[in-house]
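> structure for the following, please:
(chains A and B)
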Amino acid sequence: MPFINPEEKARTLYGKYMAICPTDALVVQVTRLIIVMAMLGWCAPAQAHHILGRPAYSLNEDSNTPPSMQVEAQIGEYLVSYMVFPAFPRPNVPGRINLYASHLDTGEPLTGKVTFKVREDGWFADSEEEVIGSQLPDDNVYRQGFVFKEGGDYIITAAFEAGNAPYLVDFPLPVGNTAPMGLLGVVIAILGAVLLGVSIAQRKRLTRAKVRKARQEGTLDARPTNDMEEL
Amino acid sequence: MMHPGLPPGWAALVGVAVVVLSLRTLVALRKPAVERQVRWIAPSAPGAIMRHVAALGPWLLLVLKIALAALFLLIVTAGLFGTPIPERNLATVLTWNVWWAGLILTIFFVGSFWCAVCPWDTLAGWLVRRRLVRRASPNNSLNLRVPRMIRSVWPALLLFIGLTWLELGTGLTTTPRTTAILGLAMVVLATVSLALFERKAFCRYFCPVGRTIGFYSQLAPVELRPADIEVCARCTSLECYHGTDRVEPCPTHLVMGRLTENTYCTSCGNCVSSCPSKNIFWRLRPPSIEAMQNARPHWDEACFMLALLALTDFHGITMMPLWKEGMGSFARLVSDSGTLLLSFTIALLASLAVPTMLYSGAVAVTHRIAGIAIEYKQLFSGLAFVALPLAFAYHLAHNLGHVVRESTGIWTLFSNPLGTGMQPLSVAEKQARHMELLIRPELLFTLQAGLMLFGFWVALQVLRHRGQRLLPGGALTGFTLLPMILLAVAFTGFHLWLLMQPMAMRL
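Purely as a prediction, here's the structure:
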């Protein structure tokens, strides 16, 4: 299921950008990336490199420029930096990804094609991916626009090949406000289960202790009667 | 942005002092060290203040507990629901810039007082005991004995290593949400432990923060002890250990009459309230006396103290500019990518192994030189206390730099703890914060240099006193302890070098 409305995509920055720039303007079909297969190296002659970077937020000196989220990480032979504008994307609001990759040893920027894909993030999320677009560098920077229909936690994957090795760069992209109610629910459930379990166990213990005590007292009272019966 | 390091002049001064103190100790080792008697500074102002505070006891503690629990819940709320910008969210700034850095500073003055007001324990207690102050009966716990296998500080040590891995390896400190999740996880652990096991097993065996505080508080100048030991010797009811109808027992199984170390005391004050003879008081003592003389060595505790030294050094190493480049190169060597967790994990394990191996080697040489019938393990455990002042001094000096340089602007966060509508810090704001210090840089450098020297001096005293106990008679000479003294010099030198390096800000 596409996350991005195709009609809206055409009207977005991406759509306009694709119309202007002489890049691969074909909209790639929704493909299913089988993560297990990728990890097993089915689709690639060499093991793909995965990245999940840590974001940092910055504000440019020009106050008209919205804040950006940026991540820099080392992946294989490359140092990859990507920035997301705005830093906190919202549903139905256009945004942009800027990606820059340079070789660690030579400093040469990456020049091949980069394909951007998106999928949902989360424990029970659908692993279906959608391709947002493919880009060639412009002034050594890969620019990819996006518009998300719905809020949520997503993973953007930037895929490229370099030195006959496939590279898959994953980074998180939260869109809109995502309340961690599930997490709180888990915490409350664990605490509740433990406290309830202990409470039940204690009641059983108390009941057993009472029964034991009653039996002992009952045994003591019954002893003279038994003796008399024996007599 | 990077903090400037300790100026070379200061480091050189400390270096010269270290050499002089080492030579002096080598000469002094020819004479036996005088065992110091602990004096209760009763009539002095600090002692009197402490007695009055202790008299208010449970109610004062309750007020503090409620306040800190409320603050903790605010931090969790801010972390889960607030802005992801770490500099604008109270959760990250208060937890990692103020609390985590400042906690070590408080130990120097008030020992393990934090444990008495810890919000994790407070919330766990309210959830399980369902009482605010008085003893709960029944206590709503299964009261199981902690299994013998984990009745040591190994669980706390493993959790401490895990916490360091999360903090430095996964960037936990830069994400408000994960900070809140970690806080909640600790509350869950504390609650489950309190519900299953007797007393406060979490505080005694599992809490990495509590055990760190416990070991460092051996160096603190305060302690909770009987005023008159004869009163305890005559006592047969042991209310301090068993509690009373209204007062909980000692949560960490301590008997005040036999207590010689702060390691497991959580400063809860139950013993003060329950003692029928009103014989338990807070008192001042010479700093570090416990590490020098009183604390009894155990194998697991020795390993914890060494790990404390190693991990403290590791913290400093990861904040240097060299670290990022080094990690990058190492990652390519081991084909690691992305967040470089594999490389980081290997480096963390190496950072634990190297100081341990150095210490083991120094002990082995000392064992060989001493030439008397003492078990290596006994010597290993007995001399491990030398790690405490070295770790504590560097930890204090390092954290002092963070607190002084990164706590400005914290008060504005209380007006908007969730950081709602806030933008990331601009370059100008970052630079302004970088220039604003809580104290003057010269004072900061003086304090850091002084701390390093103090730590080294205490380490020498530890070696001297402990060496005398472990190597009686003629076995103890300057030459015998030379390997250990050289080890202390090496660590101090390394710490000085670390302090001289520019250091990355936490946020």
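> tell me where chain A has strands.
With strands called from DSSP state E, chain A shows them at A:49-52, A:56-58, A:68-75, A:78-85, A:95-103, A:114-120, A:130-135, A:142-146, A:152-162, A:165-175.
> can you get me a residue count around the nearest residue to residue B:300 once chain neighbours are set aside?
Leaving aside its sequence neighbours, residue B:300 sits nearest to residue B:152 (Cβ to Cβ, 6 or more residues apart in numbering or on different chains; 4.2 Å). Every C-beta, even on glycine, is put in place using the N, C-alpha and C of the backbone. Here the number of neighbours of residue B:152 (other Cβ atoms under 10 Å in any protein chain shown) works out to 17.
> try residue A:160
23.
> OK, contacts around it?
With contact set as Cβ atoms under 8 Å, 6 or more residues apart in numbering or on different chains, residue A:160 has these partners: A:101, A:110, A:112, A:113, A:114, A:115, A:166, A:167, A:169.
> equivalent analysis for residue B:225, please.
Per Cβ under 8 Å, 6+ apart, neighbours of residue B:225: B:256, B:259, B:280, B:281, B:283.
> just put the strands of chain A in a markdown table and tack on mean pLDDT.
Shown next, in a markdown table, are those (pLDDT from 0 to 100):
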| stretch | mean pLDDT |
| --- | --- |
| strand A:49-52 | 43 |
| strand A:56-58 | 69 |
| strand A:68-75 | 80 |
| strand A:78-85 | 88 |
| strand A:95-103 | 91 |
| strand A:114-120 | 91 |
| strand A:130-135 | 91 |
| strand A:142-146 | 92 |
| strand A:152-162 | 89 |
| strand A:165-175 | 86 |
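> nearest to residue B:6, out of those strands?
Nearest to residue B:6, of all those, is strand A:56-58, at 27.5 Å by Cβ to Cβ.
> helix/strand/coil for the closest residue to residue B:494 other than its chain neighbours?
Leaving aside its sequence neighbours, residue B:494 sits nearest to residue B:313 (Cβ to Cβ, 6+ apart; 6.9 Å). Of the three states, residue B:313 takes helix under DSSP: H, G, I helix; E, B strand; the rest coil.
> so residue B:313 makes contact with residue B:356?
No: with contact defined as Cβ atoms under 8 Å, residue B:313 does not reach residue B:356; the gap is 11.7 Å.
> ok, those two, which is more surrounded?
Neighbour count, other Cβ under 10 Å: between residue B:313 and residue B:356, residue B:313 has more, with 22 against 16.
> contacting residues around that one?
So residue B:313 contacts B:351, B:355, B:391, B:394, B:491, B:494, B:495, B:498 (Cβ under 8 Å, 6+ apart).
> next, the fourth one: phi, psi?
It stands for residue B:394. phi -70, psi -40 (degrees, to the nearest 10).
> from residue B:410, how far off is it?
24 Å (Cβ to Cβ, to the nearest Å).
> scan chain A for its longest helix.
helix A:181-230 (DSSP state H).
> any bit of that helix sitting next to chain B?
Yes: using Cβ under 8 Å from any Cβ of the partner chain, helix A:181-230 reaches chain B at A:183, A:184, A:187, A:190, A:191, A:194, A:195, A:198, A:199, A:201, A:202, A:206.
> how about the first one, nearest residue that isn't a chain neighbour?
Closest residue to residue A:183 apart from its sequence neighbours, by Cβ to Cβ, 6+ apart: residue B:181 at 6.7 Å.
> could you export the contacts of residue B:225 as a markdown table, including secondary structure, distance to chain A and pLDDT?
Shown next, in a markdown table, are the contacts of residue B:225 (DSSP: H, G, I helix; E, B strand; the rest coil; distance: Cβ to the nearest Cβ, whole Å; pLDDT from 0 to 100):
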| residue | secondary structure | distance to chain A | pLDDT |
| --- | --- | --- | --- |
| B:256 | helix | 30 | 93 |
| B:259 | coil | 31 | 91 |
| B:280 | strand | 32 | 90 |
| B:281 | strand | 36 | 87 |
| B:283 | strand | 39 | 86 |
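> mind listing what residue B:401 touches?
B:3, B:444, B:448, B:499, B:503.
> by neighbours, which of these wins?
Going by other Cβ under 10 Å, residue B:448 tops the contacts of residue B:401 with 26 neighbours.
> pLDDT score for it?
pLDDT for residue B:448: 95.
> closest to chain A among the contacts of residue B:313?
The nearest member of the contacts of residue B:313 to chain A, counting by Cβ to the nearest Cβ, is residue B:351 at 20.4 Å.
> near residue B:20, how many other residues are there?
10.
> nope, residue B:133 is what I was after
Neighbours around residue B:133, by other Cβ under 10 Å: 14.
> quick one: pLDDT of the residue located most distally from the centre of chain B?
The centre of chain B is farthest from one residue, residue B:421, which by Cα atoms, centre = their mean lies 36.7 Å away. We have a pLDDT of 81 for residue B:421.
> helix/strand/coil for it?
The three-state label given to residue B:421 by three-state DSSP is coil.
> stretch B:83-93 and chain A in contact?
Yes: on the criterion Cβ under 8 Å from any Cβ, stretch B:83-93 is in touch with chain A at B:84, B:85, B:86.
> neighbour count for these - can I get that in CSV?
Rendered in CSV, the data for these read as follows (neighbours: other Cβ atoms under 10 Å in any protein chain shown):
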residue, neighbour count
B:84, 20
B:85, 25
B:86, 26
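> reformat those as JSON lines; add pLDDT and distance to residue B:360.
Putting those into JSON lines (pLDDT from 0 to 100; distance: Cβ to Cβ, whole Å) gives the following:
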{"residue": "B:84", "pLDDT": "86", "distance to residue B:360": "44"}
{"residue": "B:85", "pLDDT": "87", "distance to residue B:360": "45"}
{"residue": "B:86", "pLDDT": "88", "distance to residue B:360": "39"}
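> hmm, residue B:364 is touching residue B:376, no?
Yes: using Cβ under 8 Å, residue B:364 is in contact with residue B:376, at 7.0 Å.
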